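J.: Okay, here's the prediction I keep looking at, along with the sequence it came from:
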Amino acid sequence: MAQRAGTADLPLHGGQVPRWLADRMTRLGAVMGEAIVHHYGRDELLRRLAHPFWFQSFGAVMGMDWHSSGITTSVVGALKRGLAPLEQELGIHVCGGRGRYSRQTPHELVSIGDRVGFDGAALATASRLVAKVDSAAVQDGFQLYLHGFIVTDDGHWVVVQQGMNGELKQARRYHWLSEGLKSFVDEPHAAIEGPEQGEIVNLTDHRADPSRRRQVELLGALGPDGIARELSALEALAANGTSLSQPSLPHLNLPRHHDVRATDVNARRLYGNLAAAADRAPVDFSDLLLTPGVGARTVRALAMVAEVAHGAPYRFSDPARFSFAHGGKDSHPFPVPLRVYDETIRVLKSAVQAAKLGREEELGALRRLDAQARLLEQKASGPPVEELLADERDRSHAYEGRSVFGWATPPEASRANRTR
């Protein structure tokens with residue numbers, strides 16, 4: 001049965017994803033999805049999307065703000081745009097989205113079911129139930145505003161939906177996976193991400209089964225007036241200091257600060273990524289390195305992309321590390337290096353296209369890059385994370401760095417502006 005993976009704090013961030021980044025996220029998300037399906041199958045892509053830490057790392061490697069609630073909207077949107085032209089080839093369909101698009105999900109599922117042969121009406125019912133559970137059965141102070149439903153031709157699905165608490169300026173993301181799902185009301189979630197904030201009424205918890213049954217019994221036996229009397233008795237117990245709470249679920253709190261700090265990164269794994277790029281590049285990427293303007297920095301980005309494609313779930317506990325691949329739209333940890341980003345997409349597309357023709361060498365090189373990172377991280381070392389970040393910012397102009405604030409300036413100009 002699907003189990004919760006825990007909770008995480010997702011600060012609410014306003015603003016829009018600029019077109020220059022959204023287009024690249026669409027292309028990178030699609031080609032990474034293709035690579036994962038090619039290696040592991042489409043059910044594995046669903047499992048990864050249902051893993052909250054992998055999902056956050058996926059968004060971070062795509063250049064979004066590493067801890068922002070906006071990752072959910074932008075990743076679902078990028079996959080919907082990017083995988084749409086590949087629906088027939090991959091057998092994967094992305095429905096729903098934010099706001100009014102979320103309400104169109106049932107209609108989309110029925111339409112797709114008519115085309116490919118699964119029971120679209122049943123999945124439309126599942127979509128509505130999922131939304132109802134997370135808005136009514138889990139009363140945690142968050143109002144749903146996004147619902148993404150990803151389904152395969154054989155009717156397997158994952159749901160990623162998100163609610164917000166405007167007063168707290170926080171978001172909570174909920175993950176569902178159809179694999180192993182036996183009940184919509186008894187521990188159905190693959191994971192829930194969001195802030196721990198006081199008491200939460202979660203009637204889907206397995207431990208709440210007696211509560212669910214007792215509620216039905218109370219309503220039938222006592223009626224509204226009897227329930228009110230029972231509630232008064234419980235309030236009196238609480239006033240006398242009697243504890244009525246249930247054990248809390250495990251949770252992960254992503255920090256509120258926007259900048260990437262050394263404490264947000266598993267430095268040992270980061271050094272493994274960097275060392276693997278230096279170690280494998282001359283062997284596996286010699287042709288790439290001979291391309292004018294392309295060098296070790298692109299391979300370093302590829303090392304993190306390769307880990308997202310091949311890494312085990314336990315490796316995604318520090319999503320901030322993956323922002324070292326392509327930065328972030330708000331310049332955290334540094335502006336998005338467009339030249340590096342475009343080369344990452346080009347290399348992945350070339351590798352996937354070659355693999356479709358039976359030539360696995362390029363995709364195999366990316367897998368070896370990830371394997372080498374895990375091997376080298378046991379002994380690799382490097383400068384402090386703060387120095388790595390400062391170096392990236394100094395080089396940002398050379399990589400055509402860009403953020404929502406504009407183009408990166410040469411380091412000399414940046415220092416001059418800071419001293420004025």
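T.: On my side now, so go ahead. These numbers come from a predicted model, not from an experiment. Numbers count the residues shown, from 1 in each chain.
J.: show me where the stretch 51-200 of the chain has helices.
T.: 52-61, 70-83, 87-90, 100-103, 105-116, 120-132 (DSSP state H, counting those that start in this stretch).
J.: Buried deepest among the ones you listed, which one?
T.: helix 52-61 (a mean of 26; mean count of other Cβ atoms under 10 Å). Glycine gets a C-beta too; all of them are placed from N, C-alpha and C.
J.: Now do it and helix 70-83, the angle between them.
T.: If you take axes from the mean of the first three to the mean of the last three Cα atoms, to 10 degrees, helix 52-61 sits at 70 degrees to helix 70-83.
J.: Give the other helices and strands that helix 52-61 contacts.
T.: Applying 3 or more Cβ pairs under 8 Å, 6 or more residues apart in numbering; DSSP states H and E, we find helix 52-61 packed against helix 42-49, helix 70-83, strand 170-177, strand 189-193, helix 296-310, helix 323-326.
J.: 7 Å instead, please
T.: helix 70-83, helix 296-310, helix 323-326 (3 or more Cβ pairs under 7 Å, 6 or more residues apart in numbering; DSSP states H and E).
J.: Now render those helices as JSON lines, adding mean pLDDT and distance to His51.
T.: Below are the helices and strands packed on helix 52-61 laid out as JSON lines (pLDDT from 0 to 100; distance: least, Cβ to Cβ, whole Å):
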{"stretch": "helix 70-83", "mean pLDDT": "96", "distance to His51": "13"}
{"stretch": "helix 296-310", "mean pLDDT": "94", "distance to His51": "11"}
{"stretch": "helix 323-326", "mean pLDDT": "97", "distance to His51": "18"}
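J.: And the helices of the stretch 51-200 of the chain: which comes nearest Gly148?
T.: helix 70-83 (3.8 Å; Cβ to Cβ).
J.: With distance to Ala22 added, can I get the helices of the stretch 51-200 of the chain in CSV?
T.: Compiled in CSV, the helices of the stretch 51-200 of the chain are given as follows (distance: least, Cβ to Cβ, whole Å):
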stretch, distance to Ala22
helix 52-61, 13
helix 70-83, 7
helix 87-90, 20
helix 100-103, 15
helix 105-116, 21
helix 120-132, 25
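J.: just to revisit the earlier point, quick one: which of the helices and strands packed on helix 52-61 is nearest Gly120?
T.: The nearest among these, by Cβ to Cβ, is helix 70-83 at 17.2 Å.
J.: so that closest one versus strand 170-177, what angle?
T.: Inter-element angle recorded for helix 70-83 and strand 170-177: 40 degrees (by the same axes, to 10 degrees).
J.: ok, and what's touching helix 70-83?
T.: Outside of helix 70-83, the residues within contact range by Cβ atoms under 7 Å, 6 or more residues apart in numbering are 13, 17, 25-27, 29-30, 33, 55-56, 58-59, 62, 64-65, 90, 92, 94, 97-98, 146, 148, 160, 162, 173.
J.: thinking again about what came up before, of the helices and strands packed on helix 52-61, which is nearest Arg256?
T.: helix 70-83 (14.5 Å).
J.: quick one: low-confidence ranges for the stretch 101-250 of the chain?
T.: 136-140, 181-250 (pLDDT under 70).
J.: What segments of it are strands?
T.: 138-139, 143-152, 157-165, 170-177, 189-193, 201-202 (DSSP state E, counting those that start in this stretch).
J.: neighbouring contacts of whichever strand or helix holds Ala354?
T.: Secondary structure assigned from DSSP states H and E places Ala354 in helix 338-356. By Cβ under 7 Å, 6+ apart, the surrounding residues in contact with helix 338-356 are 24, 27-28, 31-32, 34-35, 38, 63, 288, 293-294, 297-298, 301-302, 305, 326, 362-363, 366, 399-400, 402.
J.: According to the record, where do the domains of this structure fall?
T.: The chain breaks down into these domains under automatic domain parsing: 10-195, 208-236, 262-409.
J.: Pull the contacting residues for the closest residue to Glu87 other than its chain neighbours.
T.: Using Cβ to Cβ, 6 or more residues apart in numbering and skipping the chain neighbours, the partner closest in space to Glu87 is His93 (5.6 Å). For His93, the contacting residues are 87, 112, 151, by Cβ under 7 Å, 6+ apart.
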